[in-house]
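Asker: Give me the fold of what follows.
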Amino acid sequence: MSRIFRCFVPPVALLIVFPLVSRAQESWSSVDVGRRHARADAGYDAPRGIARTETKVGRVNLGRGLAVGYGPNGISLSHSIGVNHRGVGTAHNFQMSVGPHGTHIGHGGVVTSGGNSRVITGGESWTGRGGAGGGNFATGHGRRSDAWSRSSTRSHAAQLLHHFSGR
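Answerer: Model prediction:
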C-alpha cells in the first residue's frame, strides 16, 4: 500500500497544483535589428492569447513582435518594434499587465547611429494571484547610442492596505 502511495500521490498532487500555478497571464516580445538582419520574438503563457512576429530585410530592416495573453487573472500585452536604415536604428518596447491583483506598465527605447548600428529591445509583463510585474531592456551598438527604460508596478493589495490604514 505504501508503495502505491509513493508512486501515485506525488504526480496527482502536481496535477492538482499545476493549474493553480499556470493561472498567471504573461506575455513577452523582443527585436534585434541591424545592418543586414532583423529578428523578432513574441509569446505568451496564459489560457488564451495571440503572438505575432514580422521581419523584413531590404532597404529598410524591420522587426516587430506582439504578444497578448489573457485569462481569469487579467491581461498582459507586450509589443516591441525596431527599424534600421543606412546606419541609423531605432527601437521601442511597451509592456502592460492589468489584473485584479495589480498592474504593471513598462517601456523603453534606443536610438543608434554610425558604423554597424544595431538596436535590441524587448520585455515581459505578467499578472496573476501573486500580483503583477515585468521588466524591459533596450540597448544599441554604433558610434552613438542612447537607450532608456522605465517600469512601474502597483499592487492592489498594497493600495487597499494604504487606503484602510488611514494614511
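Asker: List the buried residues for whichever helix or strand residue 94 is part of?
Answerer: Element membership for residue 94 (DSSP states H and E) is strand 88-99. Buried residues in strand 88-99, counting neighbours by 16 or more other Cβ atoms under 10 Å, are found at 89-99. To be clear about C-beta, it is placed using only N, CA and C from the backbone, and glycine gets the same treatment.
Asker: angle of the next helix or strand after it against strand 88-99?
Answerer: Once the chain leaves strand 88-99, the next helix or strand it forms, by DSSP H and E, is strand 102-113. If you take axes from the mean of the first three to the mean of the last three Cα atoms, to 10 degrees, strand 102-113 sits at 180 degrees to strand 88-99.
Asker: So for stretch 72-85, what gets flagged as buried?
Answerer: 73-84.
Asker: wait, which of those residues is closest to residue 44?
Answerer: The closest of the buried residues of stretch 72-85 to residue 44 turns out to be residue 76 (Cβ to Cβ; 7.1 Å).
Asker: OK, contacts around the closest one?
Answerer: When contacts are counted by Cβ atoms under 8 Å, 6 or more residues apart in numbering, residue 76 touches 25-27, 44, 46, 67-70, 95-97, 125-127, 134.
Asker: that older thread, helices - which of the buried residues of stretch 72-85 land there?
Answerer: Using DSSP state H to define helices, no part of those is located there.
Asker: now the residues you listed as TSV including distance to residue 36 and pLDDT?
Answerer: Below are the buried residues of stretch 72-85 laid out as TSV (distance: Cβ to Cβ, whole Å; pLDDT from 0 to 100):
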residue	distance to residue 36	pLDDT
73	42	90
74	40	94
75	37	96
76	33	97
77	30	98
78	26	98
79	24	98
80	20	98
81	19	98
82	14	98
83	14	98
84	9	97
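Asker: which ones are touching the residue nearest to the spatial centre of the chain?
Answerer: Among the residues of the chain, the one closest to the centroid is residue 124, at 1.5 Å (Cα atoms, centre = their mean). The contact partners of residue 124, by Cβ under 8 Å, 6+ apart, come to 26-29, 78, 95, 134-136.
Asker: likewise residue 66?
Answerer: 29, 42, 50-53, 78-79.
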